[in-house]
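J.: Here is a sequence together with a model predicted from it:
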Amino acid sequence: MNLRENLRLNSIIQMGAVLAIVALANDISQNHYTRFDLTESRVHTLSPTAQSLINQLDRPLTVKVFFTGGLEAPYNNHERIFLDKLEEFQAWSNGKITVEVVDPTSPVIEIDEEGNEQRTTREAEAMRLGVMPIQYRYRDQTRTEVRQVFMGAVFLYGEGQEVLPAITNIGGFEYDIARAIKRLVDPEPKRIGYTTGHGEPDLSTADGPVETLRNQLSDDNKILVPVELSNPGDSLLDIDALLVVGPQTELSQRELFELDQYIMGGGATGFIMSNYIPTPQVEVVAINHGMTDTIANLGVGLNRDLVLDRETNGKLPIPVRRGRYTTQMAVNNPVIPIVNDLSISSPIFRGMDNLTLPFLSSLTVADNSADVEYDVLARSSESSSTSMTVRRIDPYTLGADSSNGPIEEPGSVPVAVALRGSFTSIFSESGVPDPEPHEDPSIFVRESAPTRSVVIGSTHFVANNIPAMMNLIDWLVQDADLIGIRVKSLQIPALDPLEPSDLRTIKLANLLAPSLLLLLFGAARAYRRRR
């Protein structure tokens with residue numbers, strides 16, 4: 001074999017090796033996805049819970065993104081950011097997720113039966129799948145525009161379908177996508193019960209923040225179900241968790257027994273209760289709900305006190321008399337402590353800075369045992385104090401130097417506790433109270449199955465801390481997949497608006513700078529040629 005043949009063979013071998021390396025590298029890159037995320041909260045990295053949801057897909061998932069093209073800022077960024085996040089899900093899916101991007105308003109040429117061209121759009125397809133047009137408003141210094149545009153997506157999984165009708169909140173794209181996938185792989189809704197009949201807020205009809213909570217629970221495939229403990233029937237058998245939120249009258253022994261038996265059966269419970277309520281006369285009145293012994297049987301004492309914090313607190317409307325009229329003025333008040341000492345070991349408050357807890361009572365927590373594990377979720381600040389003698393809550397009485405102020409015990413105290421384990425029925429010795437005629441009083445559950453519960457010493461926790469309430473419910477129903485994603489938020493840094501004078505200067509610079517640079521370049525070149 002001569003030299004030329006050796007060189008030809010060597011070239012062929014090298015080319016084959018290069019092609020093999022490229023093919024191998026491409027195969028590795030397809031099956032091993034990674035990226036570098038330098039943001040502090042790693043908002044661009046797909047969370048492990050989202051990856052876990054992707055692994056639950058057992059069939060192809062198609063995502064159709066309907067987005068009108070040519071939109072102005074900030075909406076022109078929404079499509080790009082949303083598609084970037086979808087590409088992350090797609091990369092982790094090993095081919096199970098496909099993405100189709102459609103501009104519904106873009107004309108499409110179709111051939112009819114007679115062979116003629118017809119110009120149509122895909123707006124009807126978008127609306128048939130549940131993506132409806134939304135009103136788009138854009139205005140700058142030169143023009144104003146109002147029109148109907150599409151900014152939505154549809155997730156198609158077998159016969160299931162989930163719709164994101166408006167892609168407008170860029171901070172929660174990962175959560176929105178993961179929530180849609182979760183509802184497709186686990187379509188059975190969770191039923192969240194809440195007690196009624198003792199002055200509790202009706203979570204199914206209340207407006208304001210509770211309505212927001214109700215809507216978010218519905219988006220997460222959870223249903224609120226009222227439960228009347230005096231006549232529960234089979235309602236307690238059909239719920240995944242039970243909330244006891246702010247009863248204001250005493251529960252009967254029979255109602256407490258029904259609640260106890262729900263816990264003994266392994267039911268998850270959330271006790272969110274206050275010992276005091278305010279009055280229009282700027283006073284506080286004690287509540288006798290009869291729940292203290294039931295909660296104490298779980299190892300948590302709900303103390304008959306109020307937590308005060310004069311350094312970190314929220315505002316409370318106080319009636320102020322001005323002449324012949326009385327008006328409401330919002331002033332900072334120690335009875336609305338803002339708690340920022342939150343547990344990072346529990347997913348319930350992870351990623352949150354603080355909680356607002358009006359009319360808060362402290363908790364006493366038992367030590368961990370072989371059967372029960374306790375986790376203090378939140379503590380009041382070191383500047384806080386507790387008092388059992390608060391009667392009036394006006395700023396004058398609660399002032400630090402007031403001689404009429406309550407007797408206080410300074411120091412940080414637990415205010416929210418989570419517990420997991422097995423418990424003994426509080427009725428194990430006394431037996432079934434007021435048994436029904438057909439009921440055998442000797443038959444009831446005395447030892448609980450493993451269960452979980454949360455105790456918070458403020459009824460107002462629900463309305464003032466919606467994200468934390470969502471996490472709490474997820475934890476109770478052991479649906480923690482979305483907790484870690486919900487707290488992630490991506491925000492595009494906002495540009496500061498320019499003053500009109502600065503705007504004119506920039507426009508003038510953009511107009512003249514290229515010409516000046518060209519003249520300078522020409523002068524420099526002419527000077528160099530003369531030399």
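T.: Arrived safely. Numbering: from 1, shown residues only.

J.: how about low-confidence regions in this structure?
T.: 1-3, 27-45, 108-120, 138-143, 170-171, 401-403, 479-498 (pLDDT under 70).

J.: Quick check: neighbours of the strand ranked longest in it in the sheet, parallel or antiparallel?
T.: Counting residues, the longest strand found in the chain (DSSP state E) is strand 325-339. Its sheet considered, strand 325-339 pairs with strand 313-322 (antiparallel), strand 355-356 (antiparallel) by DSSP bridges.

J.: In a markdown table, list these along with mean neighbour count and distance to residue 286.
T.: For every residue, glycine as well, the C-beta is placed using N, CA and C. Shown next, in a markdown table, are the strands paired with strand 325-339 (neighbours: other CB atoms under 10 Å; distance: least, CB to CB, whole Å):
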| stretch | mean neighbour count | distance to residue 286 |
| --- | --- | --- |
| strand 313-322 | 14 | 18 |
| strand 355-356 | 21 | 22 |
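
J.: closest one to residue 416 among those strands?
T.: Distance to residue 416, taken as CB to CB, is lowest for strand 355-356 among those, at 7.7 Å.

J.: And the contacts of the helix or strand following the closest one?
T.: On the C-terminal side of strand 355-356, the nearest following helix or strand under DSSP states H and E is strand 363-365. Contact with strand 363-365 is made by 299-303, 374, 376, 413-417, 455, 457, as judged by CB atoms under 8 Å, 6 or more residues apart in numbering.

J.: switch the cut-off to 10 Å
T.: Contact partners of strand 363-365, identified using CB atoms under 10 Å, 6 or more residues apart in numbering, comprise 295-296, 299-303, 374-379, 413-417, 419, 455-457.

J.: So which of the residues you listed are in strands?
T.: If you go by DSSP E, the contacts of strand 363-365 have 300-302, 374-379, 414-417, 419, 455-456 in strands.

J.: Where neighbours are concerned, which of these has the most?
T.: Ranked by the number of neighbours (other CB atoms under 10 Å), those place residue 456 first, at 30 neighbours.

J.: Find the nearest non-adjacent residue to residue 394, please.
T.: Nearest non-adjacent residue to residue 394, counting by CB to CB, 6 or more residues apart in numbering: residue 282, 4.7 Å away.

J.: mind listing what that neighbour touches?
T.: Residues in contact with residue 282 (CB under 10 Å, 6+ apart) are 316, 317, 318, 319, 333, 391, 392, 393, 394, 395, 396, 397.

J.: for residue 473, same thing?
T.: Residue 473 neighbours (CB under 10 Å, 6+ apart): 190, 192, 213, 216-217, 220, 222, 224, 240-241, 243, 268, 270, 348, 454, 479.

J.: Quick check: bridge partners of residue 387?
T.: For residue 387, the beta-bridge partners under DSSP bridges are residue 306.

J.: isn't it right up against residue 360?
T.: No: with contact defined as CB atoms under 10 Å, residue 387 does not count as touching residue 360 (11.6 Å).

J.: Mind checking which of those two has more residues around it?
T.: Set side by side, residue 387 and residue 360 show more neighbours around residue 360, with 33 against 18, by other CB under 10 Å.

J.: any idea how far residue 194 lies from residue 363?
T.: Residue 194 is 21 Å from residue 363, where distance means CB to CB, to the nearest Å.

J.: ok, and the closest non-adjacent residue to residue 227?
T.: residue 193 (4.2 Å).

J.: let me fix that: residue 219
T.: In space, residue 219 is closest to residue 179, 6.7 Å off (CB to CB, 6+ apart).

J.: Give me the distance between the one you found and residue 466.
T.: 16 Å.

J.: Okay, buried residues for stretch 49-59 please.
T.: Neighbour-count burial for stretch 49-59, counted by 16 or more other CB atoms under 10 Å, picks out 49, 50, 53, 54, 57.

J.: okay, the residues you listed in JSON lines with distance to residue 263 and secondary structure next?
T.: JSON lines is the format used below for the buried residues of stretch 49-59 (distance: CB to CB, whole Å; DSSP: H, G, I helix; E, B strand; the rest coil):
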{"residue": "49", "distance to residue 263": "28", "secondary structure": "helix"}
{"residue": "50", "distance to residue 263": "33", "secondary structure": "helix"}
{"residue": "53", "distance to residue 263": "30", "secondary structure": "helix"}
{"residue": "54", "distance to residue 263": "35", "secondary structure": "helix"}
{"residue": "57", "distance to residue 263": "36", "secondary structure": "coil"}
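
J.: which one among these gets closest to residue 472?
T.: residue 49 (16.9 Å).

J.: Need the overlap of contacts for residue 387 and residue 360.
T.: Common neighbours of residue 387 and residue 360 (criterion: CB under 10 Å, 6+ apart): 305, 306, 307, 308, 335.

J.: on that earlier part again, just how off-centre is the longest strand of the chain within its chain?
T.: Taking CA atoms, centre = their mean, to the nearest Å, one finds strand 325-339 lying 28 Å from the centre of the chain it belongs to.

J.: Just name whatever secondary elements the following helix or strand past that strand is in contact with.
T.: Counting by DSSP H and E, the element after strand 325-339 in chain order, helix or strand, is strand 341-342. If contacts are counted by 3 or more CB pairs under 10 Å, 6 or more residues apart in numbering; DSSP states H and E, strand 341-342 sits against strand 372-379, strand 414-421.

J.: how about the helix or strand hosting residue 210 as PDB, C-alpha atoms only?
T.: According to DSSP H and E, residue 210 maps onto helix 209-219. Output in PDB follows, covering the C-alpha atoms of helix 209-219 (Å, rounded to 0.1, in the frame of the first residue of the first chain):
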ATOM      1  CA  PRO A 209     -59.400  36.700  50.700                       C
ATOM      2  CA  VAL A 210     -61.400  33.500  51.500                       C
ATOM      3  CA  GLU A 211     -62.800  33.700  48.000                       C
ATOM      4  CA  THR A 212     -59.300  33.900  46.600                       C
ATOM      5  CA  LEU A 213     -58.400  30.900  48.700                       C
ATOM      6  CA  ARG A 214     -61.400  29.000  47.400                       C
ATOM      7  CA  ASN A 215     -60.500  29.800  43.800                       C
ATOM      8  CA  GLN A 216     -56.900  28.700  44.200                       C
ATOM      9  CA  LEU A 217     -58.000  25.500  45.800                       C
ATOM     10  CA  SER A 218     -60.300  24.900  42.900                       C
ATOM     11  CA  ASP A 219     -57.400  25.400  40.500                       C
END
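
J.: What residues of the very next helix or strand once past that helix count as buried?
T.: Sequence-wise, the next helix or strand downstream of helix 209-219 (DSSP H and E) is strand 222-227. Using 16+ other CB under 10 Å as the test for burial, strand 222-227 gives 222, 224, 225, 227.
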